[in-house]
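> after the sequence you'll find the predicted model.
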Amino acid sequence: MKLTHLTALELGRAIAAGDVTIPQATQAALEEMARRDKSLHSCITILAEQAMERAETLQQGLKPGRSPLYGVPLLLKDNLCTQGVRTTCGSKMLEHYVPPYHATVVERVESAGGVCLGKGNLDEFAMGSTTETSYFGSTRNPWDESRVPGGSSGGCAAAVAAGLVWYALGSDTGGSIRQPAGYCGLTGIKPTYGTVSRYGLVAYASSFDQVGPLCRDAADCAAVLDVIQGRDCRDSTTVDGGYGGLLASLAGDLRGLRVGVPVECFGEGLHPQVANRVKEVARVLEHRGATVVELSIGELNWVIPAYYVLASAEASSNLARYDGVKYGFRAKEYHNLTQMYENTRSQGFGKETKARILLGTFVLSAGYYEAYYQKALAVKHRVAKAMERAFETCDVLLTPVTPTTAPKLGESLANPMEMYLSDLYTVPANLAGLPALSMPCGVDGQGLPVGAQLVGPRFGEGVLLNAAYAYQQETDYHTYVPRGGEG
Amino acid sequence: MDMTHKQVEELAHLARLSLTMQEREELAGQLEQMVAYLQVLAQVEGEECGTMEEPCALRYDEVEPSQLGDKLLSQAPQVADGYVVTPRSVGEGGMA
Amino acid sequence: MNWEVVMGLETHVELSTASKIFCSCATAFGAAPNRQCCPVCMGLPGALPVLNEKVVEYGVKVGLALGCSITPVSRFDRKNYFYPDLPKGYQISQLYAPLCRHGRMEVEGVSIGIHEIHMEEDAGKLFHDPASGETLCDFNRCGVPLLEIVTQPDFRTAEQVVAYLKGLRETLQYLGVSDGKMEEGSLRCDVNLSVRPVGCDTLGTRTEMKNLGSFQAITRAIGYESQRQIALLERGERVVQETRRFDEERGETVSMRSKEEARDYRYFPEPDLPPVALSQKYIQLIRDNLPELGEEKRQRYAAQYHLPEYDCQMVTSHPALARFFEELVGLGVPPKQGANWIMGEVLGALSARGLGPQELPISAPTLARLIELVGEGKLNRNTAVKVFHAVFDTDWDVDAYVAAHGLEQVQDVALVEGAVAQVLESNPQSVADYRGGKEKAFGFLVGQTMGKLQGKADPQTVRRVLLEQLAQE
């Protein structure tokens, strides 16, 4: 088995056992990157020297009792602040911006012995579903380089799938971890809102943004969550919870697990091959002792409009700080302050970003606030309540991740509305603040990965990971690697 | 609803964006489509509902100077004597 | 046509917490530019606000002192606009659910309604350089905690406005939440003013006046603006709703920007801060521990110590003075005497040194002892005043000082009699003048006697002995 196709935990064990050194693993990954990333373009910044130095240091500090991910190289989505290392958010606006501090999750991952190999490409300011809006160019799906890897954490997904790193930290606001995980055959999880610190995550939509792992399997995701979850006094939206122990509690026992299948998620627009693969997941879970129930969550029909109103509103405000005054890009020519603002922001932002800012400005503007923003808030509360009710009759929900497998490059941007609508399965979990996991459940007729989603109640990460773990004991889709990655 | 060019201009000004003719066309179209789609929200009985959020976590009133000093200013496009420099505003007041 | 001026006030108070409202940077003055900042108050990407509990406590204190009801669950909202002194491109404030509501303050017999009080963050400081056409930004003040106090349009005269501000300032000082100094910017007042015919119920179009830096400026601005509006309306023209600033030199208000292009702040709930939920227990605890405020003290001093109103006003003009006064009384000083010393020597000495009452170097025990010595006849008042000035800055032990300088008053009457006799002998002309009806001569003789006794005699005794001896011959 090729080194770079091991799971993160497998590599961690190999490092602990002395079968491979951290510098060896890091070197292997960097070589893969050099070989493949010219065409995949998953990274905006590659930290070759720093990573090797860190690998050496960590190797010297290797001793029993270290974290299970000690010495394992990873990628960080380029909207996570890394001190001294440029953090661009995929935008010209921050092309040369170097944060003076680490995001909390970065601190935690480093404390656990992570080796950061670089910063992953993303849709500009995490707004998008294909990674095509990045100022630095698109990333390609390692399964088929004429297709997108998904977005906005597309760079991270492509890198893990191609075996350039063993895991990655992405962010998910409307599906940006789960959807690329789905398109690239990975396992990814968006945690319960408030369980992972957003301090140092460049904000897109503050009420929905969460950092989470993109990995090869559920056990890796559990190990990463154990590292990054926890209350942070620097983020007022983080909450107290019984954190840790997710990896240790993976047992794969699904007896008594009630799996809910919402009819609204298996209706029009869902590609039949995707539908079939996801339904098979239900069969596998049943085989392991779960029961499957059908249910209806009517409120799901409002989630997309509500999400886009709230997310764009918050985005329009969160992106107001990019004004050319104290950091980032400033236009070269202007005659007064207003021109400086306008030129800076017009030149610094890409089209999709501008579109969302305008939409957000619109729904907050005088005369429209009640009609859009307040209504959207009401929907948010109702969806949360509806999901709570749903979890009275089941323990997890099973849905597709996306209506289709990965589209071709250029296809989605031609039709933004369709692109927004394809978020319909992932957005409910963001709106309700619930944990949701995406795992590979097969390939379609063209060999492209299909993802299945499990959604849980608040703080239900353990249930999700356990179900995925059991599923991955019965199947081997998560072990598939894209061609070109074979050693 | 029809998103007129004037409306898009006003929104652009609020957001400090200056759009080219082409951008205005495209974005007006996209905005119009989106807003039409959002009309479904009108069916929702919107009331301000109580949230289930946890109450605010508070911080003690203690000074902890950030050690960042020069680093904070090092990212500024234009600095003079420790101040960040911008062009003069034209008749725009500050806090209302 | 008789016109009525109608005004409402929006006052921003800088709270005297150690750290800023949403981060741990210091709020102290005087730091070099941009040296008291961090990622949060500079609005760096990824930074998040965390609320300072003292700001809430101070807000509740002020709300309770002004008779407000405290909102059990209040929220923050974002006020969005672009300006270089606002790094995030929005100000975190409270619109939809402010901390305090529906209060009241009595001022000159008028009841002023407090509409609401809310918490918000201050912006940075900008320095405009006309020569270069550039603006220099200092973000040290970004994030300093502010309370905004908004009244109902219940004011009718400038006197009421000034009285309200003075009363507000006193309350803030007694609560210990702010210096409340307009000159230093810790108290900033905007006046909303409109006019209407007497007897009319509806409000006229109002203008907002900003940058009013002193009570005098406020009074002048109100005078000018009300006349300006009346003149406009009498000519049949309309008042434009706008913001105006006061030009001190010309004594006029000048338009700052037209509200025709009224700003759309697009307020929405701040997603980075959960609601501020306050229990009844918490609010009650603060209420129970509210200090006695100026007006309460004045009433108590009048009732308990029978101090005249003027004395009460002077002694409570600053909480530090009131504290000092109460300490003196606690040490046995008769209240009237304590008040006299404070109004006279203490305030005088502070003023001469340009110090505020909170910087008073002499302690109450020291002054109390001094007063005691006078009471015991060991020092005459003149000497006591000299000693006061000598120990004011250092707070030296009074007894030690008196002993060291041999200042004790001459108690021995025989010595006085001897000195008087000598003076009368050496000044026959003055004696003759006095006998001839010149009262002034008497004063001269007193002075001469005091001089002979090195000022250490009780003037009353000297007068008595002089009169006796003069009567004898």
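Sure thing, it's come through.
> which parts of chain C sit against chain A?
C:39, C:42-51, C:78, C:80, C:82, C:84, C:87-90, C:135, C:137, C:139, C:264, C:266-268, C:271-274 (CB under 8 Å from any CB of the partner chain). C-betas here are computed from N, CA, C, even on glycine.
> which of those come close to chain B?
C:39, C:42, C:44, C:50-51, C:82, C:84, C:135, C:137, C:139, C:264, C:266, C:273-274.
> phi, psi of the closest residue to chain B within the stretch 251-400 of chain C?
Taking CB to the nearest CB, chain B has its nearest neighbour within the stretch 251-400 of chain C at residue C:277, 3.7 Å off. For residue C:277, the backbone dihedrals (degrees, to the nearest 10) come out as phi -100, psi 120.
> can you tell me how far the residue lying closest to residue A:271 once chain neighbours are set aside is from residue A:279?
Of all residues not flanking residue A:271 in the chain, residue A:404 sits nearest, at 4.7 Å (CB to CB, 6 or more residues apart in numbering or on different chains). With distances taken as CB to CB, to the nearest Å, residue A:404 is found 16 Å from residue A:279.
> what does residue C:165 give?
Taken as CB to CB, the span from residue C:165 to residue A:279 is 72 Å.
> same deal with residue C:206?
The value you get for residue C:206 to residue A:279, if CB to CB is used, is 66 Å.
> look at the two and report which has more neighbours.
residue C:206 (21 against 16; other CB atoms under 10 Å in any protein chain shown).
> OK, contacts around that one?
C:6, C:8, C:153, C:192-194, C:239, C:241 (CB atoms under 8 Å, 6 or more residues apart in numbering or on different chains).
> can you tell me which residue is spatially central in chain B?
Closest residue to the average C-alpha location of chain B: residue B:15 at 6.2 Å, with CA atoms, centre = their mean.
> mind listing residues that contact the longest strand anywhere in chain B?
For chain B, the longest strand by residue count, based on DSSP state E, is strand B:83-87. By CB under 8 Å, 6+ apart, the list of residues contacting strand B:83-87 from outside reads A:325-326, A:334-337, A:339-340, B:73, B:76, B:78-79, C:33-34, C:84, C:127, C:133-139.
> so where's chain A shaky on pLDDT?
A:1, A:484-487 (pLDDT under 70).
> ok, 90 please
Scanning chain A with the threshold set as pLDDT under 90 gives A:1-5, A:240-244, A:267-269, A:300-302, A:367, A:370-371, A:412-422, A:483-487.
> mind checking how far residue A:218 is from chain B?
Using CB to the nearest CB, to the nearest Å, one gets 28 Å for the distance from residue A:218 to chain B.
> picking up where we left off before, among the contacts of strand B:83-87, which are in helices?
Mapping the contacts of strand B:83-87 onto helices (DSSP state H) picks out A:337, A:339-340, B:73.
> chain neighbours aside, what residue packs nearest to the residue in the stretch 1-150 of chain C that chain A sits nearest to?
Nearest residue of the stretch 1-150 of chain C to chain A: residue C:89, at 2.6 Å (CB to the nearest CB). In space, and not counting its chain neighbours, residue C:89 is closest to residue A:320: 2.6 Å by CB to CB, 6+ apart.
> same thing with residue C:402?
residue C:408 (6.0 Å).
> didn't residue C:25 look like it was pressed against residue C:42?
No: here residue C:25 does not reach residue C:42: they are 9.4 Å apart, not a contact under CB atoms under 8 Å.
> ok, these two, which is more surrounded?
Higher neighbour count among residue C:25 and residue C:42: residue C:42, with 28 against 25, using other CB under 10 Å.
> who are the contact partners of that one?
Contacts of residue C:42 by CB under 8 Å, 6+ apart are A:326, B:72, C:87, C:139, C:142.
> cool, and residue A:101?
A:81, A:83, A:200, B:68, C:39, C:44.
> can you give me the helices in the stretch 251-400 of chain A?
A:272-287, A:303-318, A:337-348, A:351-364, A:375-393 (DSSP state H, counting those that start in this stretch).
> how about stretch A:87-95, does it get close to chain C?
Yes: looking at stretch A:87-95 against chain C by CB under 8 Å from any CB, the contacts come from A:87, A:89, A:94.
> so which of those are in strands?
Using DSSP E, none of these sit in strands.
> how about those residues in a markdown table, adding neighbour count?
What follows is the residues of stretch A:87-95 next to chain C, written out as a markdown table (neighbours: other CB atoms under 10 Å in any protein chain shown):
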| residue | neighbour count |
| --- | --- |
| A:87 | 25 |
| A:89 | 33 |
| A:94 | 26 |
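> about what we covered before: pretty sure the residue nearest to residue A:271 contacts residue A:277?
No: with contact taken as CB under 8 Å, residue A:404 and residue A:277 are classed as non-touching, separated by 11.8 Å.
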